[in-house]
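K.L.:
Following is a predicted model, sequence given first.
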There are 2 protein chains.
Amino acid sequence: MKKSIKVFAPATVANVVCGFDILGFAVNEPGDELMMELTEKPGVNIVSIEGDEGKLPLDPQKNTVSASVISLLKQIGREDLGVNIRLKKKMPMGSGLGSSAASAVAGLFALNELLDQPLTKEQLLPFAMEGEALACGHGHADNVAPALFGGFTLIKSYEPLEVIALPVPNLYCALLYPHVDVPTRDARQIIRSKVLLKDAVTQWGNIAGLISSLYTQDYDLLGRCMKDVIVEPVRSMLIPEFDKMKETAMENGALGFGISGSGPTVFSLYRSADNAQKVLSNLKQLLASKGIESNIYLSEINKNGPIVL
Amino acid sequence: MKKSIKVFAPATVANVVCGFDILGFAVNEPGDELMMELTEKPGVNIVSIEGDEGKLPLDPQKNTVSASVISLLKQIGREDLGVNIRLKKKMPMGSGLGSSAASAVAGLFALNELLDQPLTKEQLLPFAMEGEALACGHGHADNVAPALFGGFTLIKSYEPLEVIALPVPNLYCALLYPHVDVPTRDARQIIRSKVLLKDAVTQWGNIAGLISSLYTQDYDLLGRCMKDVIVEPVRSMLIPEFDKMKETAMENGALGFGISGSGPTVFSLYRSADNAQKVLSNLKQLLASKGIESNIYLSEINKNGPIVL
């Protein structure tokens, strides 16, 4: 049995424009790093958290990582173990990039590796969702599933929970996180609880087309399916310069552009890394000209989920 | 140039439970037969219609087949041609099996073959939709697309019109048409114009899963995705013994069971023809015991659309 491990878990883009609450994919950058150490003294401790500006709780019952690790230890009957956790947040929180999902997945993956994989990734998923519920107030899987499995994932259903790994496109993802505050809870609350059936039909045509495009590697089709007539028209109002950023991206080779999760991060997909880089520079400059700072990230789609570093 | 031709165009199952207005597939049985003859005297004539109990109009402007053929002739600048049409309805009308779509597709396919294929199937589609609009009051493509292309088709979007041919599952389709009257217009009108977002999300999880299942040939998944929380709960009330029929089918090997188009025909999919046949016999008997007559059909999924006989 190894005594300590260092792992990485990826940020994730939920919804992917047309797949509200059911689709997501992981990226190679940014993500969280986590060090875990097994000790003699029973109990789970958060030893340190870097990069969170002191915002995350250190109380093991309240912290996403430790709480899900505690649940897992209980489930496998190993509450005798001592677990020390050091978390390096290497990604913005509350940004729509699945920050809490990355942390929860990192912790669960680390523990499972240290214990020689008593559980499959499928079995780890509900524990990650528990952690997510603690952080976001709802136990959705559209960030934790891609963070855990990597690639593109479909949450086919919640009851029963069924996750489907989809083919991973060879594309580049450009992410831009503007430094404005859009709490997940607010972003959810502004969405109407009822939608027009005709809009729902448009949406399921697009999601069906997007799934097909992943299997046939028809990335032009993928782009044509990245349309959202339900959530984006409302949520995009919370994101500064959304329309202008989208226009700029689409004019410079983006297959599609949209909100990552509940925002304010925006993402776009490209065949070419050069195009992605160029758009990111343009968008960063655009926001800077309005006095808004931003972080930018360029990455391929992540294929494997968390890894041991 | 051939002077005459005899063709077959297939019945179709629209919606496929979870894919309201966007999904459909064709079957080998039932379907329509059509004979077309080119003559010297300009004009399109419906010479005879069999099997419609005198219900279909013979007026070339009002009949689905001739009207779409007239549109096509105009489009390709061949209004000089004379066209005589003999239609054999070999399927029930107003049954939810895409009867008008089959007829329109048969006519357009026959003319296109007689003229050595001036148009592709993609190009024929809008003319078939026109015919459908004449018959049903709305120009949907979820019957005409599978009738024309065969197999499983996805209407990704209407504006612009984009149809995607999906992989065809090696399954058997059992169809039962109960002799009760459910006009398409009424069946559409009882559907609410607004739906709960959470139901829409459930629906797009299922449609996404179904598309995936066709590519991976995971027919158990296909069955798990054949669920409809939006339309079926309402429309099934118009179909006698719907719940009992569904239960019987699911207990006897059906992967999924639902309403074909706007009903009242019901369909179910099976790995085994024996199971399909057994269920059809049971359902027919069940309805007969309630004094309701029915037609039953058993077929593989049609792969090619219309054919020359």
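P.N.:
Yes, it's here. Residues are numbered from 1 along each chain as shown, chains lettered A, B, ... in the order given.
K.L.:
quick one, strands of chain A?
P.N.:
For chain A, the strands defined by DSSP state E cover A:4-14, A:23-39, A:43-50, A:82-90, A:152-158, A:161-166, A:172-178, A:194-196, A:256-259, A:266-270, A:294-300, A:307-308.
K.L.:
Need the residues that contact the fourth one.
P.N.:
So that's strand A:82-90. Residues outside strand A:82-90 that contact it (CB atoms under 8 Å, 6 or more residues apart in numbering or on different chains) are A:30-52, A:56, A:65-66, A:69, A:73, A:99, A:103, A:106-107, A:111. To be clear about C-beta, it is placed using only N, CA and C from the backbone, and glycine gets the same treatment.
K.L.:
quick revisit: would you format the strands of chain A as TSV with mean neighbour count, distance to B:L210 and mean pLDDT included?
P.N.:
Shown next, in TSV, are those (neighbours: other CB atoms under 10 Å in any protein chain shown; distance: least, CB to CB, whole Å; pLDDT from 0 to 100):
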stretch	mean neighbour count	distance to B:L210	mean pLDDT
strand A:4-14	25	21	97
strand A:23-39	24	15	96
strand A:43-50	17	41	94
strand A:82-90	20	38	95
strand A:152-158	24	9	95
strand A:161-166	19	11	96
strand A:172-178	25	27	98
strand A:194-196	17	20	93
strand A:256-259	25	22	98
strand A:266-270	27	24	98
strand A:294-300	19	29	97
strand A:307-308	14	32	97
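K.L.:
wait, which of those strands is closest to B:M245?
P.N.:
B:M245 lies closest to strand A:152-158 among the strands of chain A, at 24.0 Å (CB to CB).
K.L.:
can you pull out the helices in chain A?
P.N.:
Ranges of helices in chain A, per DSSP state H, are A:64-75, A:99-114, A:121-136, A:144-149, A:184-189, A:197-216, A:219-225, A:232-235, A:242-251, A:273-289.
K.L.:
Please identify the deepest-packed of those.
P.N.:
helix A:144-149 (a mean of 33; mean count of other CB atoms under 10 Å in any protein chain shown).
K.L.:
Return the residues in contact with A:L56.
P.N.:
Counted by CB under 8 Å, 6+ apart, A:L56 has contacts A:I49, A:N63, A:T64, A:L87, A:K89, A:M93.
K.L.:
again, only this time at 6 Å
P.N.:
Contact analysis of A:L56 by CB atoms under 6 Å, 6 or more residues apart in numbering or on different chains lists A:I49.
K.L.:
where's it relative to A:I46, distance?
P.N.:
For A:L56, the distance to A:I46 equals 8 Å [CB to CB, to the nearest Å].
K.L.:
circling back to that earlier point, comparing the helices of chain A by mean pLDDT, which bottoms out?
P.N.:
Note on these: lowest mean pLDDT is at helix A:184-189, with a mean of 65.
K.L.:
Neighbours of A:R271, how many?
P.N.:
Using other CB atoms under 10 Å in any protein chain shown, the number of residues around A:R271 comes to 17.
K.L.:
wait, A:H179
P.N.:
A:H179: 13 surrounding residues under other CB under 10 Å.
K.L.:
nearest spatial neighbour of it, skipping sequence neighbours?
P.N.:
A:E293 (4.5 Å; CB to CB, 6 or more residues apart in numbering or on different chains).
K.L.:
wouldn't the one you found be in contact with A:Y177 here?
P.N.:
No - in terms of CB atoms under 6 Å, A:E293 does not count as a neighbour of A:Y177; the distance is 9.4 Å.
K.L.:
Same list (the strands of chain A) but as CSV, adding distance to B:N282.
P.N.:
Below are those laid out as CSV (distance: least, CB to CB, whole Å):
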stretch, distance to B:N282
strand A:4-14, 45
strand A:23-39, 39
strand A:43-50, 57
strand A:82-90, 57
strand A:152-158, 29
strand A:161-166, 30
strand A:172-178, 52
strand A:194-196, 39
strand A:256-259, 48
strand A:266-270, 50
strand A:294-300, 53
strand A:307-308, 54
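K.L.:
Quick one: closest of those to B:E162.
P.N.:
Judging the strands of chain A by CB to CB, what sits closest to B:E162 is strand A:256-259, at 15.3 Å.
K.L.:
on contacts alone, who are the packing partners of the closest one?
P.N.:
Judged by 3 or more CB pairs under 6 Å, 6 or more residues apart in numbering or on different chains; DSSP states H and E, strand A:256-259 is in contact with strand A:266-270.
K.L.:
Recalculate using a threshold of 8 Å.
P.N.:
Judged by 3 or more CB pairs under 8 Å, 6 or more residues apart in numbering or on different chains; DSSP states H and E, strand A:256-259 is in contact with helix A:219-225, helix A:232-235, helix A:242-251, strand A:266-270.
K.L.:
does chain B sit close to the first one?
P.N.:
In this case it means helix A:219-225. Yes - using CB under 8 Å from any CB of the partner chain, helix A:219-225 comes into contact with chain B via A:L221, A:R224, A:C225.
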